[in-house]
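Engineer: any chance you can model this:
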Amino acid sequence: MAQSARESLIELAPVHEELRWLGIPWRWSFVYRPQAPADAGDSAWAYVIPQPGKPLVALPITTDVLDALAGRRLPRYIRDGLAVAPRVGGTHWSAWEILSRQQLDEVIEFAGLRFGALTTQT
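Structural biologist: Numbers count the residues shown, from 1 in each chain. Reported below is the predicted structural model:
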């Protein structure tokens, strides 16, 4: 599932993929940043944490972006992940375990919405 998540994120948006050490608990993870620096500066758009048996996809979401997406109908799996996301500063660190293709599809669809909101912020 981690490989499918990586491929889906790369196909979804113009991003750079980088393998980076992020410390405990994420260890070696894939970091995705928008290609155009003007889009988001040095901010990461998404992460794939390839844990054996239960890979994670994480999307840091600012409160402003979360508020902008609040009016959309989101799948329960996505809403549940957003509800328990820890908030650090103005960023909600949402993450979802990917155990099925349906979960991956829902997270990728939400990642597309998040990317659209990210690239329209100025």
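Engineer: name the SS class of the nearest residue to Arg72 once chain neighbours are set aside, please.
Structural biologist: Spatial nearest neighbour of Arg72, excluding adjacent residues (CB to CB, 6 or more residues apart in numbering): Leu113 at 6.8 Å. Yep, even glycine has a C-beta here, placed from its N, CA and C like the rest. The three-state assignment at Leu113 reads helix, by DSSP: H, G, I helix; E, B strand; the rest coil.
Engineer: what of Gly71?
Structural biologist: coil.
Engineer: what's it sitting at in phi/psi?
Structural biologist: Torsion angles at Gly71 (phi, psi; degrees, to the nearest 10) stand at phi -80, psi -10.
Engineer: again, but for Thr63
Structural biologist: Note on Thr63: backbone dihedrals following degrees, to the nearest 10 are phi -60, psi -40.
Engineer: chain neighbours aside, what residue packs nearest to it?
Structural biologist: Leaving aside its chain neighbours, Thr63 sits nearest to Gly90 (5.0 Å; criterion: CB to CB, 6+ apart).
Engineer: surely the one you found meets Leu66?
Structural biologist: No. At 9.6 Å, Gly90 does not count as touching Leu66 under the criterion of CB atoms under 8 Å.
Engineer: neighbour count: the two, which is higher?
Structural biologist: Taking neighbours as other CB atoms under 10 Å, Gly90 and Leu66 compare with Leu66 leading, 18 against 11.
Engineer: in terms of helices and strands, where is that one?
Structural biologist: Using DSSP states H and E, Leu66 maps to helix 63-69.
Engineer: what are the ranges of the strands in the protein?
Structural biologist: Using DSSP state E, the strands of the chain run over 15-21, 28-34, 46-49, 56-62, 87-88, 91-97.
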